[in-house]
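S.K.: here is a sequence together with a model predicted from it:
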Amino acid sequence: MDVVSMPQEIPDIYCDQFQSSIGPYGCVLNFSVSQPIPPAPGSPMGYVRRATVRMSLEHLKVMLFILLRQVKQYETEQGVTVEVPKFLLNQLGIPLEDWEAVWGRREL
């Protein structure tokens, strides 16, 4: 029996953190969830890895394009804007100009 036809349980996963790693042969995406108990002051936030997904760089680029298009379509159809706070962009080291180049100018 090959891998495609083997019956498998399909996981249903919630995540609130992710990590990506890109190399010449592909990409690795790790999806995690924060620990339920906050860490002591000054300690890093704990997390539990829930899933690892590996794919080619071509697959990654197509997937990102489709996701971007779907989010923009959702916002247009629903008449809403999914806001990301400016402080979060700052924490992630994402310049506002880069954000706006992808998502368009928005009030943050």
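M.R.: That came through fine.
S.K.: what separates Leu88 from Ile66, distance-wise?
M.R.: Counting by CB to CB, to the nearest Å, the gap from Leu88 to Ile66 is 24 Å. Backbone N, C-alpha and C define where each C-beta goes, glycine included.
S.K.: show me which helix runs longest in the chain.
M.R.: Longest helix of the chain, by residue count under DSSP state H: helix 57-78.
S.K.: so for the nearest residue to Lys72 once chain neighbours are set aside, what's the pLDDT?
M.R.: Counting by CB to CB, 6 or more residues apart in numbering, Lys72 lies nearest to Trp103, which is 7.9 Å off, once chain neighbours are set aside. pLDDT, Trp103: 91.
S.K.: contacts only, for the most centrally placed residue in the chain.
M.R.: Centroid-nearest residue in the chain, with CA atoms, centre = their mean: Phe18, separated by 5.8 Å. For Phe18, the contact set (CB atoms under 8 Å, 6 or more residues apart in numbering) comprises Leu29, Asn30, Phe31, Ser32.
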